[in-house]
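# just a sequence and a predicted model for now, questions to come.
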Amino acid sequence: MKPSVLVVTGPTASGKSDLAIEMAREFPVEIVSVDSALVYHTMDIGTAKPDEKIRAEIPHHLIDIRDPLDPYSVAEFRVDAIDAIRTIRDRGRIPLLVGGTMLYLKALRDGIADLPPADESVRAGILDQAKTEGWPAVHARLLEVDPQAAARITAHDSQRLQRALEVYETTGETITSLHRVKKSECPFHLIEVAIMPSDRKALHQRIEERFTRMLSEGFLAEVAALFERGDLNPDLPSIKAVGSRQAWAYLRGEIDHETMRERAIIATRQLAKRQYTWLRSWKDLKILESPDLPQALKILEGASIFPLS
């Protein structure tokens with residue numbers, strides 16, 4: 001029988017981290033982040049990263065493991081998450097996966113095709129075409145070799161578009177055909193709890209309040225420090241993160257402060273909507289209305305996650 005591992009997920013600003021911290025204060029828990037933005041160091045305020053005090057109190061994994069210049073793939077996350085879970089369990093402690101990057105969760109749960117590593121020379125060629133002809137031209141190129149992938153990936157999704165074409169040019173096989181190959185099974189039984197507030201207006205209000213608070217805490221200065229490095233650009237996954245992308249445009253003089261604020265809030269609400277859509281399609285999901293620990297423990301009765309008191 002596979003060992004059970006608890007996952008706490010949900011849309012952004014739903015209270016996932018708050019619930020996880022409550023659990024960690026009651027039980028011998030270590031948190032494994034399932035958030036594609038938290039992997040980058042020096043990106044703290046805009047990613048709502050747990051502060052140093054919390055991380056000193058409660059062990060966290062897969063946070064601050066990459067420079068913003070360096071990519072971090074879904075495949076790398078899967079390997080690292082499985083390693084972290086095993087390490088935590090070997091110490092006799094309880095791994096708790098927390099976050100809302102749905103592609104990460106899907107890869108961990110359902111497996112992932114064995115895709116080739118990034119090829120910098122091929123990637124550079126694709127980026128050169130995008131700069132000279134635009135991403136729609138790159139999309140047209142993908143359409144010729146992998147129509148199914150082109151139907152799934154829009155011309156605006158540069159990261160996935162680049163990867164799909166890179167896989168084809170590196171291997172001679174389409175990413176669609178490689179995804180059909182049998183995937184590695186998850187070595188754990190994931191018990192997934194999702195905080196999904198039914199009051200969307202209240203969630204939208206929390207999103208706005210949180211971003212306003214981030215601005216007051218120095219979010220723009222944080223992004224400005226990245227901007228001034230000179231080696232980062234808006235096509236990198238780190239800078240594409242919600243909030244960072246809009247702040248970058250502001251720092252480049254493309255939009256004013258109020259437009260930046262409005263666009264960041266709208267983009268975060270759109271992210272929450274996509275997360276709801278993902279979660280509604282998942283089977284065996286345990287739903288919470290709010291980050292309520294007693295209610296969470298109640299719906300987990302019989303799951304053998306936490307020791308009996």
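Thanks, I have it.
# quick one: Gln71 and Pro237, what's the gap?
Not Gln; residue 71 is Pro. Computed as CB to CB, to the nearest Å, the Pro71 to Pro237 distance reads 6 Å. Just so you know, the C-beta spots here come from the backbone N, C-alpha and C atoms, and that holds for glycine as well.
# what sits in contact with each of those two?
Applying CB atoms under 8 Å, 6 or more residues apart in numbering, one finds that no residue jointly contacts Pro71 and Pro237.
# higher neighbour count, these two?
Pro237 (17 against 14; other CB atoms under 10 Å).
# what about the residue nearest to Ala130 when sequence neighbours are not counted, neighbour count?
Excluding the flanking residues, the one nearest Ala130 by CB to CB, 6 or more residues apart in numbering is Val138, at 5.2 Å. Neighbour count of Val138, defined by other CB under 10 Å: 20.
# can you check Ser4 too?
Ser4: 13 surrounding residues under other CB under 10 Å.
# thought it was touching Ser304?
Yes. Applying CB atoms under 8 Å, one finds Ser4 in contact with Ser304, separated by 6.2 Å.
# does Ala164 touch Asp146 like I think?
Yes. Counting by CB under 8 Å, Ala164 does reach Asp146; the two are 6.3 Å apart.
# shared neighbours of those two, anything?
Joint contacts of Ala164 and Asp146 (CB under 8 Å, 6+ apart) are 174-175.
# shaky segments in this protein?
Within the chain, the stretches with pLDDT under 70 are 182, 308-309.
# quick one, helices of the stretch 1-150 of the chain?
Taking DSSP state H, counting those that start in this stretch, the helices of the stretch 1-150 of the chain run over residues 16-26, 52-57, 74-90, 102-110, 120-133, 135-145, 147-152.
# with respect to Glu208, which of the ones you listed lies nearest?
Checking the helices of the stretch 1-150 of the chain against Glu208 by CB to CB gives helix 16-26 as the closest, at 18.0 Å.
# give me the contact list for that closest one.
Contacts for helix 16-26 (CB under 8 Å, 6+ apart): 8-10, 29-31, 48, 50, 54, 57-58, 96, 98-100, 195, 288, 291-293, 296, 306.
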